[in-house]
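Colleague: Task: produce atomic coordinates for the following.
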Amino acid sequence: MKIATYNINSIRGRLPRLLEWLDDAHPDVVCLQELRIYHEEFPRDAIAKAGYGALWLGQKPRYNGVAILVRGAEPIEVRRSLPGDTNDPQARYLEAAVNGIVVGCLYAPNGNPQPGPKFDYKLAWLDRLNDHAAGLYASGVPVVLAGDYNVVPTPADIYETHSYDDDALVQPESRAAFARLTAQGWTDALRKKHPRETIYTYWDYMRKRWERNAGLRIDHLLLNRELAARLVAADVDKAVRGRPGASDHAPTWIEIKRHKT
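Modeller: So this is what the prediction gives:
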């Protein structure tokens with residue numbers, strides 16, 4: 001079973017690239033971020049024609065947005081917001097049951113510029129994620145939290161540079177929030193399978209960062225104990241980032257055994 005996360009960076013503008021990748025890679029479950037659409041604008045028919053059921057959450061104005069796609073089936077909605085702030089209007093979290101697995105699709109706040117209110121919101125949102133994740137981890141059912149965390153966990157997850165020194169993605173507070181998640185017991189699947197490799201999931205459009213492989217690892221799939229025991233493989237479809245009109249992220253995925261043996 002293949003589960004992927006992909007920040008599409010506008011599903012309206014990059015729907016052909018998404019459909020192309022779905023046809024090439026055949027993922028069973030896909031968590032999408034940064035849809036940038038109103039809720040009613042989701043391309044449901046095109047996604048269905050590609051063979052996928054979908055659960056999605058858009059936003060007015062056209063910011064953020066998340067979706068969960070399932071090949072040959074419909075995801076069963078569990079929740080469509082992160083607990084802890086009933087007044088939060090931003091479309092950043094979606095949770096569904098898929099083939100006995102709880103799938104949390106998340107798009108964490110960027111947090112720039114920092115310091116300031118956007119960074120404060122990022123840290124508060126990550127605190128809410130930690131609180132919710134603790135309950136999911138202890139639930140006893142297999143869980144994956146997949147998405148764009150907008151956190152570079154360690155210096156090994158970014159190319160050698162000082163240009164991001166003031167960026168919210170690498171601040172000690174951001175990294176500490178991610179570390180609190182893994183301290184709960186969550187397995188960082190990509191790093192588990194590539195413990196010493198240089199591996200990125202995002203390359204900014206500016207300054208030829210793609211061409212120079214000047215990337216960051218900010219898209220993560222975290223697995224609780226029950227699902228980590230079934231982990232077979234994890235990788236990044238890096239070549240997708242180099243296609244014309246591509247998102248600045250590449251699809252990141254895991255393969256798991258369908259049932260624990």
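Colleague: got a pLDDT number for Lys260?
Modeller: In this prediction, Lys260 carries a pLDDT score of 51.
Colleague: Is Arg17 in a helix, a strand, or coil?
Modeller: Put simply, Arg17 is helix when judged by DSSP: H, G, I helix; E, B strand; the rest coil.
Colleague: what number of residues lie near it?
Modeller: Arg17 has 19 neighbours, counted by other Cβ atoms under 10 Å. Every residue, glycine included, has its C-beta placed from N, CA and C.
Colleague: can you pull out the helices in the stretch 151-261 of the chain?
Modeller: Taking DSSP state H, counting those that start in this stretch as the criterion, the stretch 151-261 of the chain carries its helices at 172-183, 189-193, 225-228.
Colleague: Indicate which one of these is closest to Gly72.
Modeller: Using Cβ to Cβ as the measure, helix 225-228 is the one of these that comes nearest Gly72, at 20.5 Å.
Colleague: In space, not sequence, find me the middle residue of the protein.
Modeller: The chain has Gly147 as the residue nearest its centroid, 1.0 Å off, counting by Cα atoms, centre = their mean.
Colleague: rewinding a little: out of the helices of the stretch 151-261 of the chain, nearest to Glu74?
Modeller: The nearest among the helices of the stretch 151-261 of the chain, by Cβ to Cβ, is helix 225-228 at 20.9 Å.
Colleague: one step back: adding mean pLDDT, distance to Glu255 and mean neighbour count as columns, could you present the helices of the stretch 151-261 of the chain in CSV?
Modeller: Shown next, in CSV, are the helices of the stretch 151-261 of the chain (pLDDT from 0 to 100; distance: least, Cβ to Cβ, whole Å; neighbours: other Cβ atoms under 10 Å):
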stretch, mean pLDDT, distance to Glu255, mean neighbour count
helix 172-183, 98, 21, 16
helix 189-193, 98, 10, 20
helix 225-228, 98, 12, 18
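Colleague: now these as a markdown table including distance to Gly53?
Modeller: Below are the helices of the stretch 151-261 of the chain laid out as a markdown table (distance: least, Cβ to Cβ, whole Å):
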| stretch | distance to Gly53 |
| --- | --- |
| helix 172-183 | 28 |
| helix 189-193 | 24 |
| helix 225-228 | 21 |
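Colleague: Just the buried positions in the longest helix anywhere in the chain, please.
Modeller: Ranked by residue count under DSSP state H, the longest helix found in the chain is helix 117-137. Applying a neighbour-count criterion of 16 or more other Cβ atoms under 10 Å, the buried positions in helix 117-137 are 119, 121-123, 125-126, 128-130, 132-133, 136-137.
Colleague: And for that helix, what's in contact with it?
Modeller: Helix 117-137 is contacted from outside by 82-85, 88, 92-93, 102, 104, 106, 108-114, 143, 145, 150-151, 168, 171, 173-174, 177-178, 180-181, 184-186, 222, 224-225, using Cβ atoms under 8 Å, 6 or more residues apart in numbering.
Colleague: So which of those belong to strands?
Modeller: Applying DSSP state E to the contacts of helix 117-137, the entries found in strands are 93, 102, 104, 106, 143, 145, 222.
Colleague: Please convert the buried members of the contacts of helix 117-137 into ChimeraX selection syntax.
Modeller: Entered in ChimeraX, the line below selects the buried ones among the contacts of helix 117-137, by 16+ other Cβ under 10 Å:
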select :82,88,92,93,102,104,106,108,109,110,111,114,143,145,150,151,168,171,173,174,177,178,180,181,186,222,224
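Colleague: So the residue nearest to Pro153 when sequence neighbours are not counted versus Arg243, what's the distance?
Modeller: Sequence neighbours aside, Phe178 is the residue nearest to Pro153 in space, at 5.1 Å (criterion: Cβ to Cβ, 6 or more residues apart in numbering). Separation of Phe178 from Arg243 (Cβ to Cβ, to the nearest Å): 29 Å.
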